[in-house]
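Novice: please find the sequence and the predicted model below.
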Amino acid sequence: MGTTYKQSGVDIEAGDAFVEKIKPHAARTTRPEVLGGV
C-alpha cells in the first residue's frame, strides 16, 4: 500500500481551517474579472 497524505505530512483539516480563515481576506480582492470564489 502507498503512503497516505497524513504520512506525507499533509494535514487536510488544517488546510480546510486555513481556507476558512483567509476567506474574508480573499473576498476583499474580488473584482469583476473574478469568475469564482474560495
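Specialist: Yep, it's here.

Novice: number of residues surrounding Ser22?
Specialist: Quick fix: residue 22 reads Ile, not Ser. 10 (other CB atoms under 10 Å). Every C-beta, even on glycine, is put in place using the N, C-alpha and C of the backbone.

Novice: now do the helix or strand hosting it: distance to the chain's middle.
Specialist: Per DSSP states H and E, Ile22 falls inside helix 12-27. Computed by CA atoms, centre = their mean, to the nearest Å, the chain-centroid distance of helix 12-27 equals 5 Å.

Novice: stretch 4-15 now?
Specialist: 13 Å.

Novice: for that stretch, which outside residues touch it?
Specialist: Around stretch 4-15, nothing counts as a contact under CB atoms under 8 Å, 6 or more residues apart in numbering.

Novice: figure out the length between the terminal residues of it.
Specialist: 16 Å (CA to CA, to the nearest Å).

Novice: any buried residues in that stretch, and which?
Specialist: For stretch 4-15, the neighbour count (16 or more other CB atoms under 10 Å) marks no residue as buried.

Novice: is it correct that Gly37 is in contact with Thr29?
Specialist: No - look at Gly37 against Thr29 with CB atoms under 8 Å: they stay out of range, at 10.7 Å.
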